[in-house]
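>>> got a predicted structure plus its sequence, pasted below:
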Number of protein chains: 6
Amino acid sequence: MLGRILTSLLPTITARAHCDLPCGVYHPMQARIEAESVKAIIAKYQSSDDEVFRQRAVLIKEQRAELVKHHLWVLWTDYFKPEHVAQYPQIHDLIWQATKLAGASGAKGGMDPDVAQQLLDKIEEISEIFWETSPTEAMWH
Amino acid sequence: MLGRILTSLLPTITARAHCDLPCGVYHPMQARIEAESVKAIIAKYQSSDDEVFRQRAVLIKEQRAELVKHHLWVLWTDYFKPEHVAQYPQIHDLIWQATKLAGASGAKGGMDPDVAQQLLDKIEEISEIFWETSPTEAMWH
Amino acid sequence: MLGRILTSLLPTITARAHCDLPCGVYHPMQARIEAESVKAIIAKYQSSDDEVFRQRAVLIKEQRAELVKHHLWVLWTDYFKPEHVAQYPQIHDLIWQATKLAGASGAKGGMDPDVAQQLLDKIEEISEIFWETSPTEAMWH
Amino acid sequence: MLGRILTSLLPTITARAHCDLPCGVYHPMQARIEAESVKAIIAKYQSSDDEVFRQRAVLIKEQRAELVKHHLWVLWTDYFKPEHVAQYPQIHDLIWQATKLAGASGAKGGMDPDVAQQLLDKIEEISEIFWETSPTEAMWH
Amino acid sequence: MLGRILTSLLPTITARAHCDLPCGVYHPMQARIEAESVKAIIAKYQSSDDEVFRQRAVLIKEQRAELVKHHLWVLWTDYFKPEHVAQYPQIHDLIWQATKLAGASGAKGGMDPDVAQQLLDKIEEISEIFWETSPTEAMWH
Amino acid sequence: MLGRILTSLLPTITARAHCDLPCGVYHPMQARIEAESVKAIIAKYQSSDDEVFRQRAVLIKEQRAELVKHHLWVLWTDYFKPEHVAQYPQIHDLIWQATKLAGASGAKGGMDPDVAQQLLDKIEEISEIFWETSPTEAMWH
């Protein structure tokens, strides 16, 4: 199916550092997957009336949202270079807003599905710039 | 470019649980990204003669390889269901081999690029079964 | 008393790797202790009507159950060898069931003491095979 | 064999809190297993001339030794009560010495097998007092 | 203002190891900041009637209180030397009481602001002895 | 001595959130202490010829430098508000530079004491703005 075909073509996708060696491997998917989790957890919380399940949802959402913040921070510090910021001066404010959206004043602080979606949208904006700044010739093999 | 187009189409990709709520969001990319890191770290280690850099490479590779093991274990326990194993009985052995390949007897234990590639190939095999077992109708938006 | 005598004789117990050097030291007790914690936490939760205590119980049980999963996964990947699986083909499914029992569909997902006991029983089954496969001559000193 | 018989009788062993709920489950084995690892890692380091293996040994020993410190600290703060210290006033100094032996001035700081053994011996002393202070009637089932 | 002036003069403050190399850098502020967090979290919990906020407060307080325990344990094992204990024999019991106050029987176990304050007071007592035992000539630059 | 007097006056220092409840407690000292550690580790590495000690220094410096990045990121996202950035537009770039200085291209990447000092200087600049933006009336008690 479409998903599999897309995934199999992913070797052609450029990626950059995330482990600060620098290892030279990075992908906005790391932040996105965790943000999708946050959104899914919120949906499940809203449709459950099981007290223990709902408490676990609060706890697990806190962890995934923290991971969103971490992946975005690493992207900001380790991936983006001065030449990128020169070309896309909105990088700082965009990532700043996204990490705030993943935190206490955003996705961590409540169970609002719209906030989770806003976080995903912000990550998509960051992702767009990421791809604009990634050289097409650098590939995974 | 191709990478960006593929990424933008990713909303159509199905995913399953990885945070054990279950949150219902999972993607083999999590294991793959870390395995790509391992491969990249090994390449950089081999082409460097800086003692501190090489020691950092050993340390960071250990961390990324451990994350590969973790993502695969979570996939094994939290994603795969009995009906999947019934259809693909090789699931247990395949993931078992992959996690061993990420560990002391594989990618952790040395700096051989071929071992890192074998690990990526095993993850691709697991990924194939993952997509075969994911229902097409469950989408991210 | 019996417990102390048993513990003092433990130097005669074989053990295998758990830190993936491989360090050559492993013991099913690591998984068992955490599973006993899960069971104890559930018992305390059921007999308390203190809201904060019960919320802490949910949170701490989540952590201990995750540790059960981790210790079992490490046992599966790092300890068990192909010759063990050849002799005890049920190893994969047994550990798979145990890790699921420690997760969202088992001990993490609720506060049922029977589920916690089932988890302990499964760990005991795994432990039996562990001891069957450990050479008697390898000792701690 | 002896090891298995001993392990199967372990359900009769008393244990106390380690997860600070308090969950009421604790066992000196947690500290001991990690200290055995440290000892084994040192032995393997001394008999290897593989540069990467030796660097991994340094890194992994650091982690296991830190876990020894943690398990002993938890035992000190969460398990031992004023009535225990009244009866065994050496508790504070004994655990203090043990945690130092697991740290930079001890097992972390070098690759001396004698230091690793001293650490195990100190843990055994602590274990003795632990069992002296554990009520025989509290059992795991 | 006063706070800033004080902070800018901090380069003249002596500090000792906390990362067990030993790195030679340590400061009671690490424990204190986390204890201030615990106190603040309790205050916010008491004045909120938002169910999710209160559950997050329980979870986050658990983490900060655990960090208080950790920083104090490290101070006990890595900073304090036998000559300090000889001069201030109350060190063991003082830190023991403080770590218990940060745990299940203290700040972790409930939402009592007085307990949080007692914890801060105990940390201040430990801090006093820390400064008494720190040589004035060792400075940060 | 001066250090103690300063520390005892610290209750008058304002602080802000770092645990994302928000708990309302934060202090630039968290980042600074870890950066002092990095500097101290580098000094010790340079004056040692013990192979194991030097490898431990590389590993421990990696951990402390990562903590510097974390504390600065949290300050950036959780503490600084739009009104602060309006008044001090250099906040984004300053913290960006500081986190890069703590990473692979800075303090993590080598053993240069000047780089460690540059990191401390950058943290001091951030600290200055932090104090300029903290209301004097909010105190710890």
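Now that the structure is in, tell me what you want to look at. All values derive from a computational prediction rather than experimental measurement.
>>> switch to C-alpha atoms for all contacts and neighbour counts from now on
OK.
>>> and the helices in chain A?
Taking DSSP state H as the criterion, chain A carries its helices at A:2-9, A:29-46, A:51-74, A:82-87, A:91-102, A:113-133.
>>> please enumerate residues in contact with the longest one?
Outside helix A:51-74, the residues within contact range by Cα atoms under 8 Å, 6 or more residues apart in numbering or on different chains are A:18, A:28, A:30-32, A:34-35, A:37-38, A:41-42, A:45, A:48, A:95, A:98-99, A:102-103, A:107-108, B:19, B:21, C:55, C:58-59, C:62, C:109-110, E:52, E:55-56, E:59, F:73.
>>> which of those residues are buried?
Among those, those classed as buried by 16 or more other Cα atoms under 10 Å in any protein chain shown are A:18, A:28, A:30-32, A:34-35, A:37-38, A:41-42, A:45, A:95, A:98-99, A:102-103, A:107-108, B:19, B:21, C:55, C:58-59, C:62, C:109-110, E:52, E:55-56, E:59, F:73.
>>> pretty sure A:P22 is touching F:G106, no?
No. A:P22 is beyond contact range of F:G106, at 11.2 Å (criterion: Cα atoms under 8 Å).
>>> between the two, which contacts overlap?
Residues touching both A:P22 and F:G106 (Cα under 8 Å, 6+ apart): none.
>>> before we move on, the earlier item: what's the closest of the helices of chain A to C:S134?
Nearest to C:S134 among the helices of chain A is helix A:51-74; the distance by Cα to Cα comes to 37.6 Å.
>>> tell me the mean pLDDT for the closest one?
The pLDDT scores in helix A:51-74 average 97.
>>> can you pull the buried residues of that helix?
A:52-62, A:64-74.
>>> what parts of chain A come near chain E?
Contacts of chain A with chain E, taken as Cα under 8 Å from any Cα of the partner chain, map to A:55, A:58-59, A:62, A:109-110.
>>> can you tell me which two in those residues are farthest apart?
Maximum pairwise distance among those (Cα to Cα): 13.7 Å, between A:Q55 and A:G109.
>>> give me the common contacts of those two.
Contact criterion Cα under 8 Å, 6+ apart; residues shared by A:Q55 and A:G109: none found.
>>> got a pLDDT number for the residue sitting nearest the centre point of chain A?
The centroid of chain A falls nearest to A:A31 when counting by Cα atoms, centre = their mean (2.2 Å). For A:A31, the pLDDT comes out at 97.
>>> residues touching it, list them.
Listed by Cα under 8 Å, 6+ apart, the contact set of A:A31 reads A:67-69, A:71-72, A:123.
>>> F:F80: which of these is nearest?
A:K69 (15.2 Å).
>>> make JSON lines out of the residues of chain A next to chain E and add distance to B:Q90.
Formatted as JSON lines, the residues of chain A next to chain E follow (distance: Cα to Cα, whole Å):
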{"residue": "A:Q55", "distance to B:Q90": "37"}
{"residue": "A:V58", "distance to B:Q90": "36"}
{"residue": "A:L59", "distance to B:Q90": "35"}
{"residue": "A:E62", "distance to B:Q90": "35"}
{"residue": "A:G109", "distance to B:Q90": "43"}
{"residue": "A:G110", "distance to B:Q90": "42"}
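>>> and which of the residues you listed is nearest D:Q87?
Within the residues of chain A next to chain E, the smallest distance to D:Q87 is 41.0 Å, found for A:L59 (Cα to Cα).
>>> distance check, A:Q46 against C:Q55.
Look at A:Q46 and C:Q55: by Cα to Cα, to the nearest Å, they are 19 Å apart.
>>> same check, this time on A:K108
Distance of A:K108 to C:Q55, given as Cα to Cα: 17 Å.
>>> quick check: A:D50 vs C:V58, distance?
For A:D50, the distance to C:V58 - Cα to Cα - is 13 Å.
>>> do A:G109 as well
Counting by Cα to Cα, the gap from A:G109 to C:V58 is 19 Å.
>>> just A:L72 next, same as before
Separation of A:L72 from C:V58 (Cα to Cα): 29 Å.
>>> kindly report the same for A:E36.
Taken as Cα to Cα, the span from A:E36 to C:V58 is 24 Å.
>>> excluding its backbone neighbours, what's nearest A:D112?
In space, and not counting its chain neighbours, A:D112 is closest to A:I42: 6.9 Å by Cα to Cα, 6 or more residues apart in numbering or on different chains.
>>> how about the contacts made by that neighbour?
Each residue near A:I42 by Cα under 8 Å, 6+ apart is listed here: A:57, A:61, A:111-113, A:116.
>>> can you add distance to F:T133 and give those residues back as JSON lines?
JSON lines is the format used below for the contacts of A:I42 (distance: Cα to Cα, whole Å):
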{"residue": "A:A57", "distance to F:T133": "35"}
{"residue": "A:K61", "distance to F:T133": "31"}
{"residue": "A:M111", "distance to F:T133": "31"}
{"residue": "A:D112", "distance to F:T133": "31"}
{"residue": "A:P113", "distance to F:T133": "33"}
{"residue": "A:A116", "distance to F:T133": "30"}
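>>> what's the closest of those residues to chain D?
The nearest member of the contacts of A:I42 to chain D, counting by Cα to the nearest Cα, is A:A57 at 19.8 Å.
>>> flag every residue of chain A that's near chain C.
Contact residues (Cα under 8 Å from any Cα) of chain A with chain C: A:52-53, A:55-56, A:59.
>>> ends of stretch A:69-78, what's the gap?
Counting by Cα to Cα, you get 14 Å between the two ends of stretch A:69-78.
>>> that stretch: how far from the chain's middle?
Computed by Cα atoms, centre = their mean, to the nearest Å, the chain-centroid distance of stretch A:69-78 equals 9 Å.
>>> what stretches of chain A score poorly on pLDDT?
Applying pLDDT under 70 to chain A flags residues A:1-17, A:136-141.
>>> residues in it within reach of chain F, list them.
Proximity of chain A to chain F, by Cα under 8 Å from any Cα, involves residues A:20-22, A:73, A:76-78, A:92-93, A:96, A:99-100, A:103-104, A:109.
>>> kindly recompute the last result at 7 Å.
Chain A comes close to chain F at residues A:20-22, A:73, A:77-78, A:92, A:96, A:99-100, A:103-104, as judged by Cα under 7 Å from any Cα of the partner chain.
>>> from the residues you listed, which is closest to chain E?
Using Cα to the nearest Cα, A:A104 comes nearest to chain E of the residues of chain A next to chain F, at 9.5 Å.
>>> give me the neighbour count for the closest one.
Per other Cα atoms under 10 Å in any protein chain shown, the neighbour tally for A:A104 reads 22.
>>> quick check: it touching F:D20?
Yes. Counting by Cα atoms under 7 Å, A:A104 does reach F:D20; the two are 5.3 Å apart.
>>> enumerate every residue touching A:S127.
Counting by Cα atoms under 7 Å, 6 or more residues apart in numbering or on different chains, A:S127 makes contact with A:P28.
>>> distance of it from chain F?
Distance, A:S127 to chain F, using Cα to the nearest Cα, to the nearest Å: 19 Å.
>>> kindly report the same for A:V115.
Distance of A:V115 to chain F, computed by Cα to the nearest Cα: 16 Å.
>>> skipping adjacent residues, who's closest to that residue in space?
A:A107 (5.9 Å).
>>> if we ignore the residues flanking it in sequence, what's nearest A:C19?
Nearest residue to A:C19, sequence neighbours excluded (Cα to Cα, 6+ apart): B:I60, at 7.1 Å.
>>> let me fix that, I meant to ask about A:Y88.
In space, and not counting its chain neighbours, A:Y88 is closest to A:I129: 7.6 Å by Cα to Cα, 6+ apart.
>>> tally of neighbours for the one you found?
16.
>>> now do it against chain C, distance only.
Applying Cα to the nearest Cα, the value for A:I129 to chain C is 37 Å.
>>> separation between that residue and chain F?
Note on A:I129: its distance to chain F, by Cα to the nearest Cα, is 17 Å.
>>> quick one: that residue from B:I33, how far?
20 Å.
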